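S.K.: Predicted model and sequence below, questions to follow.
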Amino acid sequence: MRLDLVMFCASPKHTFGSAFPEDLCLEGYRMYRHNRNVSYTNYTDLANQKGGGVAVYVKNHISAQRLQYIQGVTDMEFLALKITAPLQVIIVAVYRPPSYRTVDFLRNMEKLFMDLDHIIICGDFNENQL
């Protein structure tokens, strides 16, 4: 059986530094990424941790536009893409470090749900910590 993924999300914990490495590009896909070091304004301890960040890989033939800002969502490792063809949906990749306060994380997640329609959220929520 051959699996042909049109998009997938990644949140590597064990990369070097606080940035998602560019050398993780894949042939036939565009990589959209958001690095950990620019994700946190009020949590410098999280921003300076090694690893982290999120990425979404989208097949070259899929139309995607990065959403740069979502009202009220701050201090969270996430990346939102608006897919317009072949269907209209917003894909959000999220990573929650285990040390990130649950109350702050859930507040940001709620804002994502309130501000966006037709949304698919995926990622590593460290759910055993919730």
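M.R.: Received the coordinates, thanks. As the structure is a computational prediction, the values presented were derived from the model and not from experiment. Numbering: from 1, shown residues only.
S.K.: got the contact list for the helix or strand where residue 31 lies?
M.R.: Using DSSP states H and E, residue 31 falls within strand 29-34. The contact list for strand 29-34 (C-beta atoms under 8 Å, 6 or more residues apart in numbering) reads 20, 22, 24-25, 53-60, 64, 66, 77-79, 81, 93. Bear in mind the C-beta positions are built from the backbone N, C-alpha and C, glycine included.
S.K.: Only the C-alpha atoms, please, for the following helix or strand past that strand, written as CSV.
M.R.: For strand 29-34, the following helix or strand on the C-terminal side (DSSP H and E) is helix 44-47. Taking Å, rounded to 0.1, in the frame of the first residue of the first chain, the C-alpha atoms of helix 44-47 are listed here in CSV:
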residue,chain,number,x,y,z
THR,A,44,11.9,33.7,28.2
ASP,A,45,12.8,30.5,29.9
LEU,A,46,10.7,28.6,27.3
ALA,A,47,12.0,30.7,24.4
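S.K.: returning to that earlier point: could you list the paired strands of the strand holding residue 31 along with their orientation?
M.R.: Here strand 29-34 has these sheet partners by DSSP bridges: strand 54-59 (antiparallel).
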